[in-house]
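Student: Based on what follows, work out the 3D shape:
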Amino acid sequence: MRYFNTAGPCLPDRHYMVPAEQRLPEACSLVEGGQYFVLHAPRQTGKTTALLALARHLAGTGEYAAVLFSGESAEAAGDDYAAAEAMILAAIHDAARRAGLAPRLLPPDPWPDGPPGRRLHRGLAAWAERSPVPVVLFFDEVDALRGQSLISVLRQLRDGYRDRPAGFPASVALCGLRDVRDYKAAAGGDPTRLGTASPFNISVKSLRIADFSSGEVTALYRQHTADTGQEFTAEAVERAFCYTQGQPWLVNALAREVIDEMDVTGPILPGHMDEAKERLILARATHLDSLAARLSEPRVRRVIEPLIAGTLPEFDPAYDDDASYAQDLGLIRVGNPVTIANPVYREVIVRVLGAGLERVVTAKPRAFLLPDGRLDMRKLLEAFADFWRENGEIITGSMAYHEAAPHLVLMAFLQRIVNGGGYIDREYGIGRGRLDLLIRKPYGDGQVQREALELKVWRAHKGDPLTDGLKQLDGYLDWLALDTGTLVIFDRRPGTPPIDERTEITTATTPAGRAVTVLRA
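Tutor: Take a look at the predicted model:
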């Protein structure tokens, strides 16, 4: 029986999957044209699956000796390019045998010898010369290589390019996390080490595997319905796409969580997707954990921090490179403006950054429940004000994400109280000047309490954001169709009164006449 796969490449007879050829429509024509090209996309988006299917298709025609192999093992070689060559040649041998190529199409065994820095070139040349059909190589995880090893491999591929197809592989695809523009940095951080031109300037095209479209998510989930009869309602599919924006691993992981872990037997509803999303985030599945680990990198922080704080990034010529790097990791979408890639990542990022804070919040969630199961928002805000008075300056002063520290502290406090019995939706982004939060707390017989909060920061050399905040809160409440909400203003100007003196809860009236709560902290 087929299932939703979240580990390793997908196989048509074992997994539900979007047809691989549908995801790489240009690749076949590039191979047929004898071209070298780059394929890049974030991890677990289907690169290996698509290339594996393409290699099998090409080999199945009998017109190519096509092999997909990985350079991951050569990462351990570091700058030892002789060792890296040996590991890569061994990986090609193993992959060719696994692919079931006919004996006449297999590479030489053993590979011809040669001096370090030439063995890969000589080996691939010997294979191309003896093969009766063109050799095609899909080099997966190429960006696992580092330093001199990466330089050596790329230079040897470029050197052999002019001898294709009779004397060198006819087509080569380099596949990895990053585009070829970042290979200079991967080679040691100093672009001058690679000279003025890229050693892979023979590449004619850089392909990127896109996330699933809404239609592809629907088609993928319908495969499960066709096999089992269990339906994903249209609303559930829409919710899944909303949360994931089509990120392939997340699309599969949500469905797998519902079917295999939550053991839902009837139709799959939007509420099941809500629960599955929460479970994935709390479990910090491998994919999400690997993304979270990147948040401590300075170049990632320079991109993510302004998004959370709602500020504009400081002008820096390196910002575009940092943003491109964060996009290659899959964390953001580069557009106008830059945004977090999807709502799941948006939540994962702030919850990971605030995870340590949640552990120091001693307030008990049940203490904030009213008799009917709703949250007592006034009591919750008063508890946070007390927590902020006692701990705010110490905590925010020690956080790496300093500009976004107040936002992260409040969200961590709210998460500790709401976690397990409700949801927090977050809206944040560059230049918004605010962060919007919506607490959704189920209670009673299918009812949902909704509480809106808007966070703003009073920064140095700026006026009191109260007026703008009340106007913006009106807009947020209009969008949510709510009558009231909370405006939180963190005062981060130097020379302000002590935190215990300036932290207070008052009320105000918005321009639209709504009575709202104002927490100054």
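
Student: rest of the way, CA atoms for contacts and neighbours
Tutor: Noted.

Student: Near residue 295, how many residues? Count them for me, please.
Tutor: Other residues near residue 295 come to 21 when the count uses other Cα atoms under 10 Å.

Student: my read: it touches residue 302, true?
Tutor: No: taking contacts as Cα atoms under 8 Å, residue 295 lies outside contact range of residue 302: 9.7 Å.

Student: Now residue 172. Its backbone dihedrals?
Tutor: phi -130, psi 130 (degrees, to the nearest 10).

Student: so who does it touch?
Tutor: 31, 35, 36, 37, 136, 137, 138, 139 (Cα atoms under 8 Å, 6 or more residues apart in numbering).

Student: Show me the residues you listed that map onto strands.
Tutor: 37, 136, 137, 138, 139 (DSSP state E).

Student: TSV for the residues you listed, including pLDDT, distance to residue 46 and neighbour count?
Tutor: Formatted as TSV, those follow (pLDDT from 0 to 100; distance: Cα to Cα, whole Å; neighbours: other Cα atoms under 10 Å):
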residue	pLDDT	distance to residue 46	neighbour count
37	92	17	23
136	98	20	27
137	97	18	22
138	97	14	26
139	96	15	24
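
Student: Check which helix or strand residue 438 maps to.
Tutor: Counting by DSSP states H and E, the element that carries residue 438 is strand 435-443.

Student: What strands flank that strand, and is each parallel or antiparallel?
Tutor: With DSSP bridges as the test, strand 435-443 is paired with strand 423-427 (antiparallel), strand 447-458 (antiparallel).

Student: pLDDT averaged over that strand - what is it?
Tutor: Per-residue pLDDT values across strand 435-443 average out to 94.

Student: which other residues reach stretch 479-494?
Tutor: So stretch 479-494 is contacted by 406, 451-461, 465-466, 469-470, 473, 477, 514-521 (Cα under 8 Å, 6+ apart).

Student: Pull out the buried members of those residues.
Tutor: The neighbour-count criterion (16 or more other Cα atoms under 10 Å) marks 406, 451-458, 465-466, 469-470, 473, 477, 514, 516-521 among those as buried.

Student: Helices of the stretch 151-300 of the chain, start to end?
Tutor: Remark: helices assigned in the stretch 151-300 of the chain by DSSP state H, counting those that start in this stretch are 183-186, 214-228, 234-244, 248-256, 270-283, 286-292, 298-309.

Student: give the contact list for residue 268.
Tutor: Taking Cα under 8 Å, 6+ apart, one finds 230, 231, 232, 233, 236, 258 in contact with residue 268.

Student: pLDDT-wise, which helix or strand of this protein ranks last?
Tutor: helix 183-186 (a mean of 51; mean pLDDT, DSSP states H and E).

Student: Kindly report the domain assignment for this structure.
Tutor: 20-208, 214-274, 290-520 (automatic domain parsing).

Student: Format those domains as a markdown table; extra columns: distance to residue 2.
Tutor: Output for the domains of the chain, formatted as a markdown table (distance: least, Cα to Cα, whole Å):
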| stretch | distance to residue 2 |
| --- | --- |
| domain 20-208 | 16 |
| domain 214-274 | 8 |
| domain 290-520 | 26 |
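
Student: which stretch among these comes nearest residue 12?
Tutor: Closest approach to residue 12 among the domains of the chain is made by domain 20-208 (9.3 Å; Cα to Cα).

Student: what's the offset of the closest one from the middle of its chain?
Tutor: Offset of domain 20-208 from its chain centre (Cα atoms, centre = their mean, to the nearest Å): 25 Å.

Student: Please identify which of the domains of the chain is closest to residue 1.
Tutor: domain 214-274 (8.1 Å).

Student: these two touch, right, residue 330 and residue 341?
Tutor: Yes: between residue 330 and residue 341 a contact is recorded at 6.7 Å, counting by Cα under 8 Å.

Student: Return the set of buried residues in stretch 316-324.
Tutor: 319, 322, 323, 324.

Student: Ok, stretch 250-266 next?
Tutor: 250, 251, 252, 253, 254, 255, 256, 257, 258, 259.

Student: now do stretch 151-159
Tutor: Buried, per 16+ other Cα under 10 Å, within stretch 151-159: 151, 152, 153, 154, 155, 156, 157, 158, 159.

Student: With respect to residue 124, which of the buried residues of stretch 316-324 is nearest?
Tutor: residue 324 (32.9 Å).

Student: Tell me how far the closest one lies from residue 396.
Tutor: 29 Å (Cα to Cα, to the nearest Å).

Student: got it, and residue 369?
Tutor: From residue 369 to residue 396 the distance is 28 Å (Cα to Cα).

Student: rewinding a little: how about the strands paired with strand 435-443 in JSON lines, adding mean pLDDT and distance to residue 6?
Tutor: Below are the strands paired with strand 435-443 laid out as JSON lines (pLDDT from 0 to 100; distance: least, Cα to Cα, whole Å):
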{"stretch": "strand 423-427", "mean pLDDT": "91", "distance to residue 6": "25"}
{"stretch": "strand 447-458", "mean pLDDT": "96", "distance to residue 6": "32"}
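
Student: Figure out which of these is closest to residue 163.
Tutor: If we rank the strands paired with strand 435-443 by Cα to Cα, the stretch that ends up nearest is strand 423-427, at 54.0 Å.

Student: I would like the residues contacting that closest one, please.
Tutor: In contact with strand 423-427 (Cα under 8 Å, 6+ apart) are residues 346, 347, 415, 418, 435, 436, 437, 438, 439, 440, 441.

Student: what do you get if the cut-off is 10 Å, keeping everything else the same?
Tutor: 274-275, 278, 307-308, 310, 340, 343, 346-347, 350, 411, 414-415, 418, 434-442, 450-454 (Cα atoms under 10 Å, 6 or more residues apart in numbering).

Student: quick one: that strand to helix 298-309, angle?
Tutor: 100 degrees (axes from the mean of the first three to the mean of the last three Cα atoms, to 10 degrees).

Student: how far is strand 423-427 from where the chain is centred?
Tutor: Counting by Cα atoms, centre = their mean, strand 423-427 comes out at 18 Å from the chain centroid.

Student: Let me know the angle separating that strand from helix 270-283.
Tutor: Using the same axes, to 10 degrees: strand 423-427 against helix 270-283 is 80 degrees.

Student: Can you list the buried residues in strand 423-427?
Tutor: 423, 424, 426, 427.
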